[in-house]
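In: Give me the fold of what follows.
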Amino acid sequence: MNLSFSFLSKLALVNFPAKELKKKHKIHDYSQLVCGSDYVFERLNEGTIGYMTGIGKGIKPCDRIILREAYESYQYQVEEVDYYSDPSDMWIALLKQVAID
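Out: Model prediction:
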């Protein structure tokens, strides 16, 4: 009985962090903002990747960003992000297009 309890408790610990990692990544919706005015997005490789410069705190790698072009929405995953020193909430990120959840 103690062996199975020990196994189950370890199994729970193994699965717990994976669930927590999924919850830590946020989706940032920039679809209502104006490209070229509120942010800049430079498409590369036919739009599958790109560089985005924007304003806002809390953008982290693996987060998702929703952008809109004309009437289409696209979702990108943040691959890398660097914050400027001034202003401190301005950042540049490498984005990779992903399927919309």
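In: now the residue most central in space within the chain: how far from Q97?
Out: Centroid-nearest residue in the chain: D63, 1.6 Å away (criterion: CA atoms, centre = their mean). Using CB to CB, to the nearest Å, one gets 14 Å for the distance from D63 to Q97. Where you see a C-beta, it was placed from the backbone N, CA and C, and this is true even at glycine.
In: Local confidence estimate at the residue nearest to the centre of the chain?
Out: On pLDDT, D63 comes in at 97.
In: Contact partners for it?
Out: D63 makes contacts with H25, K26, I27, H28, Q77, V78, as judged by CB atoms under 8 Å, 6 or more residues apart in numbering.
In: same deal with A99?
Out: Applying CB under 8 Å, 6+ apart to A99 gives the contacts Q75.
In: what's the answer for D101, then?
Out: So D101 contacts I27, R64, Q75 (CB under 8 Å, 6+ apart).
In: which ones among these are found in strands?
Out: Secondary structure defined by DSSP state E assigns I27, R64, Q75 of the contacts of D101 to strands.
In: Counting neighbours, which of those residues end up buried?
Out: R64, Q75 (16 or more other CB atoms under 10 Å).
In: List the buried residues for stretch 40-60?
Out: For stretch 40-60, by 16+ other CB under 10 Å, it's F41, R43, I49, G50, M52, G54, I59.
In: Run the chain-centre distance for it.
Out: 11 Å (CA atoms, centre = their mean, to the nearest Å).
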